[in-house]
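**Student:** Turn this into a structure:
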Amino acid sequence: MPTIHSTAQVHPRAELAADVEVGPFALIGPKVRIGAGTRVGAHVVIDGRTTIGADNRLHPFSVIGGEPQDKKYKGEDTALEIGDRNVIREACTLHIGTVQDGGVTRVGHDNWIMAYVHIAHDCQVGNHTTFANNAQLAGHVQVGDWAVLGGYTGVHQFVRIGAHVMTGISSVILQDVPPYTLVAGNPAKPHGINAEGLRRRGFTSGQIAALRAAYRVLYRQGLTLEQARAALRELTDQRPQAAAAMGVLHDFLATTGRGIVRP
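**Tutor:** Below you'll find the predicted structure:
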């Protein structure tokens, strides 16, 4: 049986794995499902059609599965899905989706989400990301694997942040950020690639060199986006050892919606 503190309120229809722990004064609604090994801290509220995977840690005063901060929301049965092994620190807010999008907000696996982070309706967050304190995502934002958002980063709705991106403290992200890029400022501007992060994740010196060259093509040669994409295809042919890493960049640039950050 789950270990539930006597002051917590867990709806009888909620589904909790046998070893879930629920702390004092927590509130868990009727459509919630929580996987094995997850710990719910004191005063945490989990509501909506929310599914939480295994071995997550939810710290005090977070609100998980709250209604969207969207005036168009009319009580539709939308959802929030959270994967495994995530750490969600104090006073974070993660909201369910809206029918105007896919209806589901998703957070993947192994994410480190620090205090006071907001993940709005319909956001799609990958795996192994880090959100420093007070990072804020507006609705419909996508964040790729291994991205690191500095403290107080604010992300405009519908923006996409690519894999392995790092943002500086208090960055304001108004356009898409290509994979591997360092950005900072208000509005955020590119400042090279996240070379140190790539090294820590096992990228080879050849791969990093190829990505540096790709950054120069994208940002230092005065090319239009279409011209840069053509030049990047040629660069990939010349650097076959980095083809997989370059492919992530090609795929991202093929589908930009708000345009990409520029110097």
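**Student:** contacting residues for Arg85?
**Tutor:** 53-56, 109-110 (Cβ atoms under 8 Å, 6 or more residues apart in numbering). (Each C-beta comes from the backbone N, C-alpha and C, glycine too.)
**Student:** Same question for Leu182.
**Tutor:** Leu182 sits in contact with 165-168, 190-194, where contact means Cβ under 8 Å, 6+ apart.
**Student:** Then Trp146?
**Tutor:** Counted by Cβ under 8 Å, 6+ apart, Trp146 has contacts 126-129, 163-164, 197, 201.
**Student:** 7 Å - rerun?
**Tutor:** Residues near Trp146 by Cβ atoms under 7 Å, 6 or more residues apart in numbering: 128-129, 163-164, 201.
**Student:** ok, back up a step: give me the subset of the contacts of Leu182 lying in strands.
**Tutor:** Counted as lying in strands by DSSP state E, out of the contacts of Leu182, are 166-167, 190-193.
**Student:** Would you map the helices across the stretch 151-263 of the chain?
**Tutor:** 195-200, 205-219, 225-238, 243-253 (DSSP state H, counting those that start in this stretch).
**Student:** May I see these organised as TSV, with mean neighbour count, distance to His95 and mean pLDDT added?
**Tutor:** Below are those laid out as TSV (neighbours: other Cβ atoms under 10 Å; distance: least, Cβ to Cβ, whole Å; pLDDT from 0 to 100):
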stretch	mean neighbour count	distance to His95	mean pLDDT
helix 195-200	15	28	97
helix 205-219	18	33	97
helix 225-238	14	32	95
helix 243-253	17	25	96
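**Student:** Of the ones you listed, which is nearest Ile96?
**Tutor:** For those, proximity to Ile96 was assessed by Cβ to Cβ; helix 243-253 is nearest, at 26.8 Å.
**Student:** are any of the contacts of Trp146 buried, and which?
**Tutor:** 128-129, 163-164 (16 or more other Cβ atoms under 10 Å).
**Student:** What about the residues you listed, which are in strands?
**Tutor:** Using DSSP E, none of the buried ones among the contacts of Trp146 sit in strands.
**Student:** mind giving me the domain ranges of this structure?
**Tutor:** 3-140, 198-253 (automatic domain parsing).
**Student:** deepest of these, which one?
**Tutor:** Across the domains of the chain, averaging neighbours per residue (mean count of other Cβ atoms under 10 Å) puts domain 3-140 on top, at a mean of 20.
**Student:** follow-up on the earlier one: ok, of the ones in strands among the contacts of Leu182, which one's closest to Leu235?
**Tutor:** Ile193 (13.9 Å).
**Student:** ok, back up a step: TSV please, covering the helices of the stretch 151-263 of the chain and showing distance to Gln136.
**Tutor:** TSV is the format used below for these (distance: least, Cβ to Cβ, whole Å):
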stretch	distance to Gln136
helix 195-200	21
helix 205-219	26
helix 225-238	27
helix 243-253	22
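**Student:** between those, which gets nearest to Pro68?
**Tutor:** Nearest of these (Cβ to Cβ): helix 243-253, 26.4 Å.
**Student:** Many thanks, have a good one.
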